[in-house]
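1. below is the structure, and that's it, no one-letter string:
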C-alpha cells in the first residue's frame with residue numbers, strides 16, 4: 001500500500017513509511033490519501049483467506065479471521081419447538097417463477113470446494129405477505145454429512161438431518177455490493193432432507209449431473225428445471241429468525257425461513273454427493289460434513305408461521 005502525505009505542496013513517500021519536510025513559513029497542512037484497493041463485496045472477501053470445516057481453519061477458529069463469527073446473531077441454530085413463538089402476523093410464502101420451466105434454459109452446477117452450488121439465472125422471486133420486499137433467488141446450496149446421522153446445519157429439537165438445502169435470495173432493493181452489509185439483505189429458504197426408500201425424481205435434476213463436478217472448481221451447465229420441485233410438499237408451516245451466513249465472513253444479513261416439512265431422497269442419491277472432492281483431484285479430501293455447528297440463540301426469538309393450519313394442527317407444532 002502506498003500512503004502519500006501532502007505537506008507544503010511536497011510529497012515524500014516510501015512503501016510503508018511517509019516523511020514530511022517541515023515548512024517554517026506556513027502552518028503545515030496535512031492531507032492523508034491512502035491508495036486502497038477497490039471496494040470488494042463482503043461476501044467475496046473470504047476468498048483470500050483459508051477456512052474449512054475441520055482442523056485449524058475449522059468453524060471454531062473462524063472468528064480469528066472473521067470477528068463477526070463470534071457475534072450474537074449467528075447461524076445456524078437449534079430450533080427448539082418448545083420455545084418458538086407463534087406469530088399471527090406472519091403470512092404465507094409467495095413463490096413467483098418457482099414453477100416455471102423453459103426449454104433450452106440452463107442453470108450452472110458448481111463444485112466450489114466446500115459445497116455444491118446451483119447458480120440460477122431466471123427471474124425467480126419469493127415474497128411474504130408481512131414483508132414489503134421482494135427477494136430474488138440467486139443460488140442453491142447443499143450441506144450433507146459423511147453418514148446419515150448428521151449433515152444439516154439447523155437442528156430440529158437437537159436432531160440433525162442427513163442434508164439441508166438452502167435457497168439464497170437477495171433483497172432487490174439493495175445492490176449486489178450492498179446486500180451482504182444489510183440486516184435484511186438476504187432471505188434464505190432452508191429445508192431438511194431425509195433418507196427414503198425410493199429415489200426423488202426432482203433431485204435427479206441435480207444428482208444425475210454430479211459426476212461432472214467431482215473436483216473443486218469444476219462446473220457444468222444443466223437444463224433448467226422448476227425450482228418448486230425440490231421443495232417439500234407443505235410450505236405453509238415455517239420457522240423464521242434473524243441470523244447470518246453460515247460460511248465466512250458470516251455477515252449478519254439473513255432472514256432465515258426454515259420449512260417444517262421435509263423432503264426425501266434415496267441413499268443412492270445422497271451418496272452421489274459424498275463422492276465429490278474438496279480438492280482439484282482425487283488425492284485430496286472427500287466433500288462431506290460441510291456444515292457449521294449450531295450457534296447460540298442469545299436473545300433472539302424463533303417464530304413460527306402456520307398460515308393455513310387450523311387450531312388442532314397448530315398444537316402439533318407448538
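-> Sure thing, it's come through. Model, not experiment: these values are computed from the prediction. Numbering: from 1, shown residues only.
2. contacts only, for residue 186.
-> By C-beta atoms under 8 Å, 6 or more residues apart in numbering, residue 186 lies in contact with 135, 168, 169, 170, 171, 179, 180, 245, 253, 254, 255. In this view, the C-beta of every residue, glycine as well, is placed from N, C-alpha and C.
3. so where do the helices sit in this protein?
-> Secondary structure of the chain (DSSP state H): helices at 62-65, 204-207, 267-274, 311-317.
4. in the stretch 1-150 of the chain, where is pLDDT below threshold?
-> Residues of the stretch 1-150 of the chain meeting the criterion pLDDT under 70: 1-49, 103.
5. hmm, try it at 50
-> Judged by pLDDT under 50, the stretch 1-150 of the chain has its weakly predicted residues at 1-48.
6. now do the strands in it.
-> All strands of the stretch 1-150 of the chain, identified by DSSP state E, counting those that start in this stretch, fall at 3-7, 10-14, 17-19, 31-34, 78-79, 85-86, 93-96, 106-111, 116-119, 125-128, 131-144.
7. which of the contacts of residue 186 lies closest to residue 291?
-> Lowest distance from residue 291 to the contacts of residue 186 (C-beta to C-beta) belongs to residue 245, with 13.1 Å.
8. how about the contacts made by residue 301?
-> Residue 301 makes contacts with 84, 85, 241, as judged by C-beta under 8 Å, 6+ apart.
9. now these: which count as buried?
-> 84, 241 (16 or more other C-beta atoms under 10 Å).
10. mind putting the contacts of residue 301 into JSON lines with distance to residue 306?
-> Listed next are the contacts of residue 301 as JSON lines, based on distance: C-beta to C-beta, whole Å:
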{"residue": "84", "distance to residue 306": "11"}
{"residue": "85", "distance to residue 306": "12"}
{"residue": "241", "distance to residue 306": "16"}
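11. just give me the closest of the contacts of residue 301 to residue 120.
-> residue 241 (24.4 Å).
12. roughly how far does the closest one sit from residue 69?
-> Noted for residue 241: a distance of 17 Å to residue 69, by C-beta to C-beta, to the nearest Å.
13. same thing with residue 51?
-> 10 Å.
14. shared neighbours of these two, which are they?
-> In contact with both residue 51 and residue 69: 62, 248, using C-beta under 8 Å, 6+ apart.
15. quick one, which of these two is more surrounded?
-> Comparing residue 51 with residue 69 by neighbour count (other C-beta atoms under 10 Å), the higher total belongs to residue 69, at 24 against 20.
16. how much space between that one and residue 183?
-> Where residue 183 is concerned, residue 69 sits at a distance of 17 Å (C-beta to C-beta).
17. again with residue 96
-> 24 Å.
18. same deal with residue 104?
-> 39 Å.
19. what of residue 303?
-> From residue 303 to residue 183 the distance is 16 Å (C-beta to C-beta).
20. so what's residue 304 up against?
-> Residue 304 neighbours (C-beta under 8 Å, 6+ apart): 81, 84-87, 90, 237-240, 260, 317-318.
21. does it have beta-bridge partners, and which?
-> residue 86, residue 239 (DSSP bridges).
22. can you check the pLDDT for it?
-> Turning to residue 304, the model gives it a pLDDT of 98.
23. follow-up on the earlier one: could the contacts of residue 186 go into TSV alongside distance to residue 147 and neighbour count?
-> Shown next, in TSV, are these (distance: C-beta to C-beta, whole Å; neighbours: other C-beta atoms under 10 Å):
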residue	distance to residue 147	neighbour count
135	34	27
168	26	20
169	31	26
170	34	23
171	36	20
179	35	23
180	33	21
245	26	25
253	32	26
254	28	25
255	31	21
